[in-house]
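>>> I'll drop the sequence and a predicted model, then ask my questions.
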Amino acid sequence: MKQHLTVVNHPLVQHKLTLMRENSTSTAVFRQLLREISQLLAYEVTYELPMTTREIDTPLRKMDAPVLAGRKLALISILRAGNGLLDGMLELIPSARVGFVGLYRDEETLKPVQYYFKVPEQLSERLSIVVDPMLATGNSSAAAVDLVKQAGAKNIRFLCLLAAPEGVARMKEAHPDVPIVTASLDERLNDIGYILPGLGDAGDRMFGTK
């Protein structure tokens, strides 16, 4: 992936995102839509995975068939909302290795605070896809990618549901080598760091919390 920002304009992605934005959408439906849209976004973010071939037997004859090359990719969720994207992606890529970065945003400073970090081994040999539904200020996302790089990752992509221009700019400044894939680039952040028009707090809407 060469461009820094990819907005997935597929009709199914955009339709499901509209349903998720609606304030009247229930927690259960929101969670199901997030699972579905994550699989569609996963298709885009994994588009250029390296391939090789191996010989297989079909019911009719042998053939050299395409398979994924190299080590299993790593899906790294920024807790807690990242797990909504993670669950759907794992259905599509069940052999992926999984890691977690625990960060929360200090509501006064808007700076990320780390409380947990556990990722797969040999990240230097894997594609690492960092997932979080919202790229708002970009501070937590940039901090998470910092930690993943410190753990050895060299090939990283960032997947989110919504992005604000401020967050995209922050990520480009901190990690110009990390492509971003999102379903929408929204207008801006409000004065407390939430994406507008956005969809509210993704974690709260996923888990029914406030």
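Structure's in. What do you need?
>>> go through the lengthiest helix in the chain and flag the buried ones.
Taking DSSP state H as the criterion, the chain has its longest helix at helix 27-45. When neighbours are counted by 16 or more other C-beta atoms under 10 Å, the buried residues of helix 27-45 are found to be 30-42, 44-45. For every residue, glycine as well, the C-beta is placed using N, CA and C.
>>> give the rounded mean pLDDT of it.
The average pLDDT within helix 27-45 is 94.
>>> isn't Ile37 right next to Val13, touching?
Yes - using C-beta atoms under 8 Å, Ile37 is in contact with Val13, at 5.9 Å.
>>> which neighbours do the two share?
Taking C-beta atoms under 8 Å, 6 or more residues apart in numbering as the contact rule, Ile37 and Val13 both touch Ala183.
>>> next secondary structure element downstream of the longest helix of the chain?
The first helix or strand that comes after helix 27-45 along the chain, using DSSP states H and E, is strand 51-57.
>>> can you list the strands that that following strand pairs with?
The strands beside strand 51-57 in its sheet (DSSP bridges) come out as strand 62-68 (antiparallel).
>>> buried ones in the strand it pairs with?
Buried residues in strand 62-68, counted by 16+ other C-beta under 10 Å: none are found.
>>> contacts for it?
The contact list for strand 62-68 (C-beta under 8 Å, 6+ apart) reads 49-56.
>>> what do you get for stretch 158-165?
Applying C-beta under 8 Å, 6+ apart, the contact partners of stretch 158-165 are 5, 17, 20, 34, 37, 41-42, 45, 85, 129-138, 141, 145, 171, 175, 178-189, 195-196, 198-199, 202.
>>> for ChimeraX, write the selection for the buried entries among the residues you listed.
In ChimeraX, this line selects whichever of the contacts of stretch 158-165 come out buried by 16+ other C-beta under 10 Å:
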select :5,17,20,34,37,41,42,45,85,129,130,131,132,133,134,135,136,137,138,141,145,171,175,178,179,180,181,182,183,184,185,186,189,195,198,199,202
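>>> all set, thanks.
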